[in-house]
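Asks: Okay, structure incoming, though there's no sequence with it:
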């Protein structure tokens with residue numbers, strides 16, 4: 001057996017958080033072109049009440065989010081943009097394959113300008129893939145370079161399913177595991193990374209993973225910017241919101257722990273960023289620089305490369 005069955009408890013069976021992330025992408029897309037950080041014209045197809053949200057508009061929706069949890073919208077948007085940039089940079093450097101683990105309602109295969117020569121593998125449970133494809137325009141979901149890899153994590157190996165679906169172990173690959181690690185056990189994450197390491201032994205590979213700092217429990221204040229009000233209360237709101245849709249946060253990491261897991265599997269960290277790092281990169285250029293009392297230092301975006309490079 002491949003990845004732990006804990007992975008199956010992810011948003012593969014439920015899509016509450018996947019819808020939530022799509023909603024934030026849609027909200028950002030409603031901003032004026034000169035002001036937005038990302039553009040996802042397909043996000044609305046996965047967002048309940050999209051018509052009403054369009055009526056409210058970007059500014060009102062962002063304002064409402066800040067009233068609840070300052071920085072929440074921006075941390076999701078910046079994570080999306082960070083991965084967008086990583087994929088586009090990797091493509092320009094000749095990457096040959098892109099594997100999206102737990103693809104859910106990810107739309108990078110359609111909204112980024114990637115060469116048709118890059119094979120894109122979207123890995124998820126079949127029911128989620130069917131739901132996603134039913135909401136996308138047929139010409140998009142049927143793109144020739146996109147391969148939908150359905151998997152039952154209860155009794156199938158991630159490595160085996162990818163190879164059976166045409167994954168070439170001799171071709172350079174970028175893997176992304178976005179917004180996943182907090183929902184599953186550490187054992188499951190370690191098993192996944194080991195399989196990715198095995199898949200990429202013969203070639204160059206880039207791996208992206210996001211994780212939530214373990215300071216969320218030990219010292220919530222340290223996860224936020226200076227002057228952030230009621231951090232303990234905000235952490236509680238985030239956790240309760242996730243648990244309410246059946247996807248509670250159960251796993252948290254520190255920098256040393258993530259580095260050790262990756263190193264043991266032949267990956268070396270090249271970047272480790274939080275919203276405080278991405279704020280001047282993405283929001284300042286569009287005159288939306290966030291003040292420190294709204295900046296999240298809660299979630300980390302890590303890019304690692306294997307030792308073949």
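Replies: Good, I have the coordinates. As the structure is a computational prediction, the values presented were derived from the model and not from experiment.

Asks: going forward, measure contacts and count neighbours with C-alpha atoms only.
Replies: Fine.

Asks: For residue 208, see how far away the residue nearest to the spatial centre of the chain is.
Replies: The centroid of the chain falls nearest to residue 178 when counting by C-alpha atoms, centre = their mean (2.3 Å). From residue 178 over to residue 208 the distance is 7 Å, taken as C-alpha to C-alpha, to the nearest Å.

Asks: so where's the stretch 201-309 of the chain shaky on pLDDT?
Replies: Counting by pLDDT under 70, the low-confidence segments of the stretch 201-309 of the chain come to 309.

Asks: all helices of it, in order?
Replies: Secondary structure of the stretch 201-309 of the chain (DSSP state H, counting those that start in this stretch): helices at 215-218, 231-244, 255-264, 275-278.

Asks: And the last one, what does it pack against?
Replies: Secondary structure elements in contact with helix 275-278, counted by 3 or more C-alpha pairs under 8 Å, 6 or more residues apart in numbering; DSSP states H and E, are helix 72-92.

Asks: any residues touching the helix it packs on, and which ones?
Replies: Residues from elsewhere that reach helix 72-92 (C-alpha atoms under 8 Å, 6 or more residues apart in numbering): 21, 24-25, 28, 37-38, 62, 65-66, 108, 112-115, 118, 174, 208, 275, 278-279, 282, 296, 299, 301.

Asks: Bridged to residue 177, which residues?
Replies: Counting by DSSP bridges, residue 177 forms beta bridges with residue 209.

Asks: these two touch, right, it and residue 208?
Replies: Yes - taking contacts as C-alpha atoms under 8 Å, residue 177 lies within contact range of residue 208: 6.0 Å.

Asks: quick one: contacts for the nearest residue to residue 229 once chain neighbours are set aside?
Replies: Computed as C-alpha to C-alpha, 6 or more residues apart in numbering, the closest residue to residue 229 that is not its neighbour in sequence is residue 293, at 7.4 Å. Contact analysis of residue 293 by C-alpha under 8 Å, 6+ apart lists 224-229.

Asks: what does residue 307 give?
Replies: 204, 266-268.

Asks: again, but for residue 215
Replies: Per C-alpha under 8 Å, 6+ apart, neighbours of residue 215: 222-223, 254.

Asks: Can you show me the strands along the stretch 1-150 of the chain?
Replies: 97-101, 119-124, 146-150 (DSSP state E, counting those that start in this stretch).

Asks: JSON lines for these, including mean neighbour count and mean pLDDT?
Replies: Shown next, in JSON lines, are the strands of the stretch 1-150 of the chain (neighbours: other C-alpha atoms under 10 Å; pLDDT from 0 to 100):
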{"stretch": "strand 97-101", "mean neighbour count": "22", "mean pLDDT": "97"}
{"stretch": "strand 119-124", "mean neighbour count": "24", "mean pLDDT": "95"}
{"stretch": "strand 146-150", "mean neighbour count": "21", "mean pLDDT": "94"}
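
Asks: Now render those strands as JSON lines, adding distance to residue 188.
Replies: Shown next, in JSON lines, are the strands of the stretch 1-150 of the chain (distance: least, C-alpha to C-alpha, whole Å):
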{"stretch": "strand 97-101", "distance to residue 188": "13"}
{"stretch": "strand 119-124", "distance to residue 188": "15"}
{"stretch": "strand 146-150", "distance to residue 188": "18"}
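
Asks: Go through the ones you listed and name the closest to residue 245.
Replies: strand 119-124 (18.7 Å; C-alpha to C-alpha).

Asks: helices or strands up against that closest one?
Replies: strand 97-101, strand 146-150.

Asks: neighbouring contacts of the next helix or strand after the last one?
Replies: In other words, strand 146-150. Counting by DSSP states H and E, the next helix or strand C-terminal to strand 146-150 is helix 158-164. With C-alpha under 8 Å, 6+ apart as the test, helix 158-164 has contacts from 2-3, 121, 149-151, 169, 192, 195-196, 198-199.

Asks: Let me see the mean pLDDT of helix 158-164.
Replies: Average pLDDT, helix 158-164: 95.
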